[in-house]
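K.L.:
Need coordinates for the below:
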Amino acid sequence: MKPTLYTVEKRELAALRDWLEMFLPDSFRLFSSVRETLQERWLGKTFCTLGWPNILAAGEGETGHDSARYPYFSDPRTTSVFSPHPEQLEELLLWPGYLDWSRPIDFQAVSKKLTHVIQKVARERGGSCRVEYYVMYDACQADLPPRPVPEGFKLGTLDPDIHTEYIVSTWPYRRKYTNLYVQDLLRRLPNVGLFDENGACIGVELGNEYGAIGMLYVREAYRRRGLGKIITSQLAQKYFSDELPVTVFVSKGNESSRRMHTSCGFKEIGTVDWITYYTGDEEEFNKNMGYTATFYLQ
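P.N.:
Here you go, the predicted structure:
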């Protein structure tokens with residue numbers, strides 16, 4: 001019997017999680033998204049599979065239209081996909097109604113083993129792909145103890161009503177509607193802010209909806225003091241307290257960040273790609289999306 005596209009119901013998410021767990025770390029992005037949904041740390045995501053209960057491929061569906069963050073995840077359409085078999089991933093990508101290839105698509109943290117499948121479909125649809133190469137690291141509690149906060153600084157929890165715009169301004173990958181996304185991250189997931197003696201925020205890091213930490217930033221005047229390591233180690237404790245791993249994705253070209261994370265105790269566990277599909281001129285696409293970043297392309 002030919003498999004069909006199946007929308008996974010909430011009561012069935014544990015079965016999808018267990019299937020994805022068999023293929024870690026290649027399936028990390030989807031596995032952790034399902035885990036965060038099951039634990040109700042992040043709501044509003046839908047998941048689709050090619051075949052059920054015998055799963056051949058899986059991907060994120062659209063974010064609910066009633067979600068405040070819907071514009072961020074729909075323009076461009078944001079998803080992640082996985083299959084242990086490239087040919088079955090291609091079948092999912094081409095399934096009528098799953099993805100609209102006439103519009104931009106942001107494929108997040110896709111196993112490098114599957115990038116060529118997305119590139120092939122993109123070419124056939126007359127579009128282009130920008131591929132950014134990331135290294136995936138994780139750390140266990142024994143390797144990443146909390147680093148003490150030096151005198152004159154204090155840790156705190158970031159406020160979505162106060163700190164959203166500041167965080168957006170510091171993130172090089174911001175685009176349209178990033179404020180909606182960051183505000184929801186701050187409301188729902190662990191975060192850490194580092195403040196000076198006057199209460200000014202001088203460093204941040206956030207947990208995200210697919211089970212990793214990121215957006216680490218320290219003000220220029222406060223760098224080279226080890227404050228980034230302090231922020232990361234302190235945020236990690238919030239994940240360890242929930243018996244969750246601490247995972248981070250770092251652009252391959254960002255050597256300083258890679259060195260910092262390995263010196264903190266992180267170990268490389270895999271490589272993934274962020275793949276942006278678009279049609280037409282890339283410069284015009286970036287302008288329409290509001291991208292300002294210099295991308296680390298492979």
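
K.L.:
Kindly indicate whether the residue positioned nearest the centre of the chain is helix, strand or coil.
P.N.:
With distances taken as CA atoms, centre = their mean, the residue of the chain nearest its centroid is Y210 (5.4 Å). Three-state assignment for Y210 (DSSP: H, G, I helix; E, B strand; the rest coil): coil.

K.L.:
where does the closest residue to C140 other than its chain neighbours sit relative to S32, distance-wise?
P.N.:
Leaving aside its sequence neighbours, C140 sits nearest to P245 (CB to CB, 6 or more residues apart in numbering; 7.4 Å). Placement of C-beta: from N, CA and C, glycine included. Look at P245 and S32: by CB to CB, to the nearest Å, they are 9 Å apart.

K.L.:
Overlap of the contact sets of the two?
P.N.:
Common contact partners of P245 and S32 (CB atoms under 8 Å, 6 or more residues apart in numbering): G211.

K.L.:
Looking at those two, which is more packed in?
P.N.:
Legend: neighbour count by other CB atoms under 10 Å for P245 and S32, higher for S32 (24 against 16).

K.L.:
longest helix anywhere in the chain?
P.N.:
helix 227-241 (DSSP state H).

K.L.:
contacts for that one?
P.N.:
With contacts defined as CB under 8 Å, 6+ apart, helix 227-241 is touched by 139, 141, 144-150, 153, 155, 190-192, 194, 202-207, 213, 216, 218, 245-246, 248, 260-261, 263-264.

K.L.:
hang on, the earlier thing: the residue nearest to the centre of the chain and R29 touch, don't they?
P.N.:
Yes: assessed by CB atoms under 8 Å, Y210 is found in contact with R29 at 5.3 Å.

K.L.:
now V250: how far from F82?
P.N.:
V250 is 21 Å from F82, by CB to CB.

K.L.:
same deal with Y291?
P.N.:
25 Å.

K.L.:
now do M136
P.N.:
Using CB to CB, one gets 14 Å for the distance from M136 to F82.

K.L.:
For those two, work out which one has more neighbours and name it.
P.N.:
Shown here are M136 and F82; by other CB under 10 Å, F82 has more neighbours (25 against 22).

K.L.:
Show me the helices in the stretch 151-298 of the chain, by range?
P.N.:
160-170, 178-188, 227-241, 255-264, 282-289 (DSSP state H, counting those that start in this stretch).

K.L.:
Adding distance to P71 and mean neighbour count as columns, could you present these in CSV?
P.N.:
Output for the helices of the stretch 151-298 of the chain, formatted as CSV (distance: least, CB to CB, whole Å; neighbours: other CB atoms under 10 Å):
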stretch, distance to P71, mean neighbour count
helix 160-170, 14, 16
helix 178-188, 6, 20
helix 227-241, 27, 20
helix 255-264, 29, 15
helix 282-289, 12, 14
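
K.L.:
Including mean pLDDT, could the ones you listed go into a markdown table?
P.N.:
Listed next are the helices of the stretch 151-298 of the chain as a markdown table, based on pLDDT from 0 to 100:
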| stretch | mean pLDDT |
| --- | --- |
| helix 160-170 | 97 |
| helix 178-188 | 96 |
| helix 227-241 | 97 |
| helix 255-264 | 95 |
| helix 282-289 | 92 |
